[in-house]
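Enquirer: Sequence first, then the predicted structure, then my questions.
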Amino acid sequence: MGRLFGTDGVRGIANTELTCEIAMEIGRAAAEVLTDGSRRRPLFVIGSDTRTSSDMLSCAIMAGVCSMGADVINLGVVPTPAVAYLVVKYKADAGIMISASHNPSEFNGIKIFSGDGYKLPDALEEKIEAIVLDNEGKLQKPIGASVGKISYTDRAAKDYIEHLKSSVLYSLGGLKIAVDCSNGSASVSAKQLFEELGAQTHILNDSPNGSNINENCGSTHIEALSKYVIENSLDCGIAFDGDADRCLAVDEKGNVVDGDMIMAICSLDLMERGRLNHATVVGTIMSNFGFGKFCEDNNLKFVTTKVGDRFVLEEMLLGDYSFGGEQSGHIIFRDFATTGDGQLTACQLLSLIRRKQKKLSELSSVMTHYPQITENIKVSHEGKVLFYTDKTIKQTIEEAKKELGMTGRIVVRPSGTEPLIRVMTEGEDMTQITEITKRIAEIIKKQLCVK
């Protein structure tokens, strides 16, 4: 059986790879799996980002859910972490987000949350896949009054904003910030959130038209934000991705402060305040080499997982850790959220800046960022599978690791959400790691017949 779910839900080009038919079947399967044994009429909440295809897919998936006798509250356009929060607040059985996160507008995706606000474990995803792909399951469709109904709310974004505000105990008054909404989900919440917290806020890219989400803006294109902060003499800038579950920053000098640096800043503060469980931070194999050094220097334990905030969270729950995240800006404050939340992260970082009365550049200096080169090689689905067994690629990577020794590291992996093989090399010598990255990328292209 082929897999529907990657590391962050189902994803593909809308209307060709991710069709209405598939979305409807996923809705039906999710309703059966996630409400099995429910003693009351099941309830789902469903939100979406600003892509043109989000309406099409949300209508299809709502139809599938209703056809199984579950009711739906349509949240409208909201950030992904809003769905994770509201599924609990509204006492729903499950939540679904229609979004392809940081991907271009032609892509879309389906992320599913259980009634406790957590992303689904593999076992439940596999049950949904078995129903959709192998026709397993009962799928007994109700009739008459037992068919599910759809209701709409205009409270979703407001309720989520109030939740975020409640996590901040210190006013942001006096801070001058720029916020890049990536023409995505943050467009419905960021302006109200940061202005009500007291910051003098410059809002950028908050005019979505269905196709400009992530287009030369947001956390994947942060250069313009850096320039804007410098030109307007601001204290810092904040950038979100399309569904606002990740956050990056730039300091007052325009330097990028990535997820690793944000985690370094916040983990020290949490430690000082006695809020860092077991003096431990959870990250991934893609965390910068310098973050591990930072943890060593500050007597923090650093636990690594596979890439994906769901794996970070699983490790946090397993070890009862309170804080973790990814270099990409998915950061989890477990005291306040069950998933990565870009606006929550921004609130915590900005509150820390205001409380400590320090520049972001000074705060981020606690960590030395090692030079890092990343190259993405586009491959077919078959190419991603062949990557694991190709001996020439494996030998090239092993030889490169020996060459680099203990001065850096190499991570080569297929993307869990895109048709890519990612090559990441870190080390002290930029020339050396650039050459190594190029060498590995060329072998991958040759062996996997990449044109």
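Expert: Sure thing, it's come through. Numbering: from 1, shown residues only.

Enquirer: Enumerate the positions of the helix or strand where residue 30 lies that are buried.
Expert: In this assignment (DSSP states H and E), residue 30 forms part of helix 20-34. Neighbour-count burial for helix 20-34, counted by 16 or more other Cβ atoms under 10 Å, picks out 20, 22-34. C-betas here are computed from N, CA, C, even on glycine.

Enquirer: Same question for stretch 277-297.
Expert: Taking 16+ other Cβ under 10 Å as the criterion, stretch 277-297 shows 280-284, 286-292, 294-295 as buried.

Enquirer: Can I get the helix or strand harbouring residue 264 as PDB, trimmed to CA atoms?
Expert: Assigned by DSSP H and E, residue 264 belongs to helix 259-272. C-alpha atoms of helix 259-272 as PDB (Å, rounded to 0.1, in the frame of the first residue of the first chain):
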ATOM      1  CA  GLY A 259      14.700  28.400  14.800                       C
ATOM      2  CA  ASP A 260      17.900  27.200  16.500                       C
ATOM      3  CA  MET A 261      18.800  30.600  17.700                       C
ATOM      4  CA  ILE A 262      15.300  31.300  18.900                       C
ATOM      5  CA  MET A 263      15.500  28.000  20.800                       C
ATOM      6  CA  ALA A 264      18.800  29.000  22.300                       C
ATOM      7  CA  ILE A 265      17.500  32.300  23.500                       C
ATOM      8  CA  CYS A 266      14.300  30.900  24.900                       C
ATOM      9  CA  SER A 267      15.800  27.800  26.500                       C
ATOM     10  CA  LEU A 268      18.200  29.900  28.600                       C
ATOM     11  CA  ASP A 269      15.300  32.100  29.700                       C
ATOM     12  CA  LEU A 270      13.100  29.100  30.600                       C
ATOM     13  CA  MET A 271      16.000  27.600  32.500                       C
ATOM     14  CA  GLU A 272      16.500  30.800  34.500                       C
END
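
Enquirer: and for it, what are the contacting residues?
Expert: Defining contact as Cβ atoms under 8 Å, 6 or more residues apart in numbering, one finds that helix 259-272 is touched by 246-249, 257, 276, 279, 281, 283, 287-288, 290-291, 294, 298, 300, 322-331, 333, 345, 348-349, 352, 356, 363-364, 366-367, 369.

Enquirer: from those, which ones fall inside strands?
Expert: With DSSP state E as the criterion, strands contain 247, 248, 249, 257, 281, 283, 323, 324, 325, 331, 333 from among those.

Enquirer: Excluding covalently adjacent residues, which one is nearest to residue 43?
Expert: Leaving aside its chain neighbours, residue 43 sits nearest to residue 92 (4.5 Å; criterion: Cβ to Cβ, 6 or more residues apart in numbering).

Enquirer: burial count for the one you found?
Expert: 25 (other Cβ atoms under 10 Å).

Enquirer: now swap in the one 3 residues further on and tell me
Expert: Using other Cβ under 10 Å, residue 95 has 29 neighbouring residues.

Enquirer: For it, which residues count as its bridge partners?
Expert: residue 45, residue 113 (DSSP bridges).

Enquirer: ok, residue 368 to residue 155 distance?
Expert: 45 Å (Cβ to Cβ, to the nearest Å).

Enquirer: Oops, could you answer that again for residue 100 instead?
Expert: From residue 100 to residue 155 the distance is 26 Å (Cβ to Cβ).

Enquirer: the residue most distant from the middle of this protein, which is it?
Expert: The centre of the chain is farthest from one residue, residue 144, which by Cα atoms, centre = their mean lies 39.6 Å away.

Enquirer: now residue 238, what's its secondary structure?
Expert: Counting by DSSP: H, G, I helix; E, B strand; the rest coil, the backbone at residue 238 sits in strand.

Enquirer: what sits against it?
Expert: 177, 178, 179, 180, 247, 248, 249, 346, 349, 350.
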